[in-house]
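Peer 1: coordinates only, sequence not included:
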């Protein structure tokens, strides 16, 4: 099992207890919406999809980001850098596994391809990562409580 700040995300080899189709569709829609916010340069809406106490871990970052406002500051800076460089980013999510937990949280595991290109040019694949999220429902909406982004080839 893979540890995500005291929580266990499903390993790649475990046969999941498949989520009911309605929940799976909800989570799939959540990720489509969430990634489009990032790609469309909407950092505030993207950050609002995290809990107040969320944790965000990613390769190349020595320290995790703790809290929605730290996540907001980081993505706002990144969106501004991309806009200044005239770079378009797109994220593609696939191989989503959803596991509902007894406490009502959802553990999700998926692959993401990040593509980038200068505006008007063909994109290239910038990165391929494996993401492990813990999602919670607050106010009728799904929010990310913990996101761990990893480069699978580098994981032991």
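Peer 2: Perfect, thanks for sending it. Only a predicted model underlies this, so the values are computations on that prediction, with no experimental measurement involved. Numbering: from 1, shown residues only.

Peer 1: got the contact list for stretch 82-92?
Peer 2: Applying C-beta atoms under 8 Å, 6 or more residues apart in numbering, the external contacts of stretch 82-92 come out as 35, 38-39, 41, 112-119, 123, 126. Any C-beta I mention is one placed from the backbone N, CA and C, and that applies to glycine too.

Peer 1: so for it, what's the average pLDDT?
Peer 2: For stretch 82-92, the mean per-residue pLDDT is 90.

Peer 1: ok, now stretch 59-66?
Peer 2: On average, stretch 59-66 scores 84.

Peer 1: contact partners of it?
Peer 2: So stretch 59-66 is contacted by 53-57, 71, 74, 129, 149-151, 154 (C-beta under 8 Å, 6+ apart).

Peer 1: buried subset of those residues?
Peer 2: 54-57, 71, 74, 129, 149 (16 or more other C-beta atoms under 10 Å).

Peer 1: Show me these that map onto strands.
Peer 2: Using DSSP state E, 54-57, 129, 149 are the members of the buried ones among the contacts of stretch 59-66 that sit in strands.

Peer 1: Spatially nearest residue to residue 67 (excluding sequence neighbours)?
Peer 2: Using C-beta to C-beta, 6 or more residues apart in numbering and skipping residues adjacent in sequence, the residue nearest residue 67 is residue 53, 6.1 Å away.
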